[in-house]
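Asks: fold the following and give me the result.
(chains A and B)
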Amino acid sequence: MQDRVLEKTMEPALAVSDLNVEILGENGAFPVVSEMSLSVRPGETVCIVGESGCGKSMTALSLLRLLPDSARIASGSIRIHGEDFLAMGGRQVEDFRGDKIAMIFQEPLTALNPVLTIGEQIAESVRQHRKLGKREAFARAVKCLELVQMPDPARRARQYPHELSGGMRQRAMIALALACEPKIIIADEPTTALDVTVQAQILGLISDLQKRLGTAQVLITHDLGVVAEIADRVIVMYAGRRVEECSVYELFDNPIHPYTIGLMGAVPRAASHDGEAQTAPERLTDIPGTVPPLWDLPKGCAFAPRCPRASARCLEERPPFIEKTPGHFAACWEHDNVR
Amino acid sequence: MVAYIVRRLLLLIPMAVGMVVVTFGLLLLIPGDPASVLLGQEASPEAISNLRNALGLNDPWYIRLGTYFAHLLQGDMGRSIFQNQAVSEIIAGRLGATIELAVVALVLACLIGITLGVIAATRQGSLVDTVSMVFAQLGVSMPVYWLGLLLMLLFAVTLGWLPAIGRGTPFPEAVWAALTGRPQVLLDSFAHILLPALALAANSAAIISRLVRTAMLEVLREDFVRTAYAKGLRRQRVIIRHAFRNALLPVLSVVGLRFGALLGGAVLTETIFAWPGLGQLTITAISQRDLPLIQGIVLTFAIIFALVNLVVDLLYAAVDPRIRLG
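Replies: Got it, this is the predicted structure:
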């Protein structure tokens, strides 16, 4: 408890302000992330939730300046431990990556080099940032694999990615990210590509490691179950913008934005058994319509065309992202009418 | 692994048999007759017929083929009709020169091709990229004999920097000479081999550079390259250790195939530069219809090519751990 109080007075490890990312398409540039701000303190986990195409992966990649050539950061700032990451030159960015801030990718089979052993890939990172010799770096790599509870780590370190199962590969990916003990971890859908049973294990591992190492974490996901499991704070994204931001408890108890509520209703819940007559499971609600293409966003609120509460104003004017109740932000004109 | 190698070597036997049969069949079909060539245009039909009998050329084809195989099993590839020498001796005497030329050409082709390809890929769309690809296009379009003559004209005749024709001391001896205090012998060997090897290499260098460029561009888009950057590795390391090692795989297969093409191209190059190898010999043998010699040369080339492919396959498995041989 005391740690949490202390954490709240600490400087954020990662502070993003007004980030705008655009993609250069055939007909010019269009925004994929607009006015994204977030801050994460040591020991805190912020989850970014949204559907495919909402800009969450682009946000994650921007945090390490790993955007593809077709995309670029148009404006905004990213501060890592108070330092301006976007102003840094190539060498310094390389020094920061892996050492101060690291990323766990979604699909470990393609994210790992097929012709190098797991141990070599982890050791590489250590040798780059810590200037260790080959043997020491490899020993350190084995230690990292132990940390992520890889069975038989010394043997696995000498194996290639294709020789490992999906869960083990993701553990290797996590070990890779943690090799130099970065204080900030960005995880882009780390469990999406895994079997359900393995998902739970990996999530537990990530959670555990965070408690032990006190890292500041940003976890991207589309799965509200993951959010419930692991998040301290949640940001909900839609069409490249934040639509809601609050603590995880607030999200599930008092969601404000109609999109968030729609997402909640779409989560399957098991029917309740109370010994006697079972209550029939509620129908899953679905949100009618589809996410608008980012190059052709509607005027006004991007969600308005699909929103059950939309008013004329919603279709004309984009609602600002403001604090509705203490610590709880949302972008909605009609939030008072939602509940 | 050993079992795999043994199996591949054993497969050489049916391959060799097939080669001999096909070559034999082709030679039966082409017009022309060594006896006429040997005796000249003025010879009488009787003389020609007698010589043909003496050479066994009038025997039915199955007897000729059978006899050839019988001798082959004893390591005897027959006697050259024109040079009055065992075919195996003739080939042994000239094989070294061709292999030397083909190997140096392959090394040059790889060095030039890979360098150009990697540079073009990492600076995609830049001037360097365009210029490299123009060179590649030229290299593919120019016939080797024409390029050979051009190089000879420029460097040997006009500038006088390099010798025009002939071969220096064979490399094994030249290296030994250099190690025992006579480096000029090795330099001389290099000087002689440079122009023919360049002419021979141009085509392959062009093909390899385009292939490397394409493979690199694809690999650079892969997720694991992004992971490598995410780890904070220096760009050079990412390109060489992560991207290139994966781009190497398709390139390796092509390199093996190109060696076969180099052996073939050597025929023209050797003629132009008077390089004393099998290539030159082949042209002469074919024009003279020296059947045993032609068969011997074709068989030799086929076996070399098969062995090179075996080496490429082994290298492939060494580079890519996902490949299991056998």
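
Asks: A:Trp295 contacts A:Glu22, correct?
Replies: No - if you go by C-beta atoms under 8 Å, A:Trp295 and A:Glu22 don't touch, sitting 10.1 Å apart. No exception for glycine: its C-beta is placed from N, CA and C like everyone else's.

Asks: who touches both of those two?
Replies: Overlap of the contact sets of A:Trp295 and A:Glu22 (by C-beta atoms under 8 Å, 6 or more residues apart in numbering or on different chains) consists of A:Phe30.

Asks: comparing the two, which residue is more hemmed in?
Replies: Remark: of A:Trp295 and A:Glu22, A:Glu22 carries more neighbours, 22 against 14, as counted by other C-beta atoms under 10 Å in any protein chain shown.

Asks: give me the beta-bridge partners of the more buried one?
Replies: Applying DSSP bridges to A:Glu22 yields these beta-bridge partners: A:Pro31, A:Arg72.

Asks: now do the contacts for residue 245.
Replies: I'll assume chain A. When contacts are counted by C-beta under 8 Å, 6+ apart, A:Glu245 is found next to A:Leu38, A:Arg233, A:Val234, A:Ile235, A:Val236, A:Phe321, A:His328, A:Phe329, A:Ala330.

Asks: could you do chain B instead?
Replies: A:Asn113, A:Val115, A:Leu116, B:Val319.

Asks: residue of the stretch 1-150 of chain B closest to chain A, please.
Replies: When C-beta to the nearest C-beta is the measure, the stretch 1-150 of chain B has its nearest residue to chain A at B:Gln124, with 9.2 Å between them.

Asks: next, the contact list for that residue, please.
Replies: With contacts defined as C-beta under 8 Å, 6+ apart, B:Gln124 is in contact with B:Leu217.

Asks: tell me the domain boundaries of chain B?
Replies: By the record's domain assignment, chain B is partitioned as B:2-73, B:96-276 (automatic domain parsing).

Asks: weakest of those domains in terms of mean pLDDT?
Replies: Least confident of the domains of chain B, judged by mean pLDDT, is domain B:2-73 with a mean of 82.

Asks: endpoints of that one, how far apart?
Replies: End-to-end distance for domain B:2-73: 25 Å, by C-alpha to C-alpha, to the nearest Å.

Asks: deepest of the domains of chain B, which one?
Replies: Each of those was given a mean neighbour count from mean count of other C-beta atoms under 10 Å in any protein chain shown, and the largest, a mean of 19, is that of domain B:96-276.

Asks: for it, the distance to its chain's centre please.
Replies: 13 Å (C-alpha atoms, centre = their mean, to the nearest Å).

Asks: stretch B:55-71 now?
Replies: With C-alpha atoms, centre = their mean, you get 30 Å for stretch B:55-71.

Asks: show me what it is in contact with.
Replies: Applying C-beta under 8 Å, 6+ apart, the contact partners of stretch B:55-71 are B:17, B:20-21, B:24, B:28, B:33-35, B:49, B:52, B:77-78, B:81, B:292, B:295.

Asks: now the two most distant members of these.
Replies: Of all pairs drawn from the contacts of stretch B:55-71, the one with the longest distance (C-beta to C-beta) is B:Val17 and B:Ser49, at 31.4 Å.

Asks: can I get the contacts of A:Glu245 in CSV including pLDDT and neighbour count?
Replies: Converted to CSV, the contacts of A:Glu245 look like this (pLDDT from 0 to 100; neighbours: other C-beta atoms under 10 Å in any protein chain shown):
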residue, pLDDT, neighbour count
A:Leu38, 94, 20
A:Arg233, 96, 22
A:Val234, 96, 26
A:Ile235, 96, 24
A:Val236, 95, 28
A:Phe321, 92, 16
A:His328, 93, 16
A:Phe329, 93, 20
A:Ala330, 93, 25
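
Asks: which of those residues fall in strands?
Replies: Taking DSSP state E, the ones among the contacts of A:Glu245 that sit in strands are A:Leu38, A:Arg233, A:Val234, A:Ile235, A:Val236, A:His328, A:Phe329, A:Ala330.

Asks: so which elements touch the helix or strand that contains B:Leu95?
Replies: For B:Leu95, the element it lies in under DSSP states H and E is helix B:87-122. Of the remaining helices and strands, those touching helix B:87-122 by 3 or more C-beta pairs under 8 Å, 6 or more residues apart in numbering or on different chains; DSSP states H and E are helix B:127-141, helix B:183-220, helix B:245-273, helix B:278-288, helix B:291-319.

Asks: and the angle from the last one to helix B:245-273?
Replies: By that I understand helix B:291-319. Relative orientation of helix B:291-319 versus helix B:245-273 (axes from the mean of the first three to the mean of the last three C-alpha atoms, to 10 degrees): 160 degrees.

Asks: do helix B:291-319 and chain A meet?
Replies: Yes - with C-beta under 8 Å from any C-beta of the partner chain as the measure, helix B:291-319 is seen reaching chain A through B:Val319.

Asks: could I get the buried residue list for that helix?
Replies: Of the residues in helix B:291-319, those with enough neighbours to count as buried (16 or more other C-beta atoms under 10 Å in any protein chain shown) are B:291-302, B:304-306, B:308-310, B:312-313, B:315-317.

Asks: what is the burial count for the closest residue to A:Gly289 other than its chain neighbours?
Replies: Closest residue to A:Gly289 apart from its sequence neighbours, by C-beta to C-beta, 6 or more residues apart in numbering or on different chains: A:Arg306 at 3.9 Å. Taking other C-beta under 10 Å as the criterion, the count of residues near A:Arg306 is 18.

Asks: tell me how far A:Arg306 lies from A:Ala330.
Replies: Using C-beta to C-beta, to the nearest Å, one obtains 16 Å as the distance from A:Arg306 to A:Ala330.

Asks: just to check, B:Leu12 is in contact with B:Ala306?
Replies: Yes - using C-beta under 8 Å as the test, B:Leu12 is close enough to B:Ala306 to be in contact (5.6 Å).

Asks: and the pLDDT for A:Ala277?
Replies: Turning to A:Ala277, the model gives it a pLDDT of 48.

Asks: mind listing what A:Gln217 touches?
Replies: Here A:Gln217 is in contact with A:Val40, A:Glu44, A:Thr45, A:Val46, A:Ile184, A:Ile185, A:Ile186, A:Ala187, A:Ile206, A:Gln210 (criterion: C-beta under 8 Å, 6+ apart).

Asks: cutoff 10 Å now
Replies: Residues near A:Gln217 by C-beta atoms under 10 Å, 6 or more residues apart in numbering or on different chains: A:13-14, A:40, A:42-47, A:104, A:184-187, A:206-207, A:209-210, A:230-232.

Asks: go back to those and keep what's next to chain B.
Replies: A:Ile104, A:Ile186 (C-beta under 10 Å from any C-beta of the partner chain).

Asks: using PDB, list the CA coordinates for stretch A:73-87.
Replies: The C-alpha coordinates for stretch A:73-87 follow below in PDB (Å, rounded to 0.1, in the frame of the first residue of the first chain):
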ATOM      1  CA  ILE A  73       5.100  11.100 -36.100                       C
ATOM      2  CA  ALA A  74       3.600  14.400 -37.200                       C
ATOM      3  CA  SER A  75       3.700  16.200 -33.800                       C
ATOM      4  CA  GLY A  76       3.600  15.700 -30.100                       C
ATOM      5  CA  SER A  77       6.200  14.700 -27.500                       C
ATOM      6  CA  ILE A  78       7.300  11.500 -25.900                       C
ATOM      7  CA  ARG A  79       9.400  11.900 -22.700                       C
ATOM      8  CA  ILE A  80      11.200   8.900 -21.300                       C
ATOM      9  CA  HIS A  81      12.400   9.500 -17.800                       C
ATOM     10  CA  GLY A  82      11.900  13.100 -18.500                       C
ATOM     11  CA  GLU A  83      14.100  13.100 -21.600                       C
ATOM     12  CA  ASP A  84      12.700  14.200 -25.000                       C
ATOM     13  CA  PHE A  85      12.800  11.000 -27.000                       C
ATOM     14  CA  LEU A  86      11.700  12.500 -30.300                       C
ATOM     15  CA  ALA A  87      14.500  15.000 -30.300                       C
END
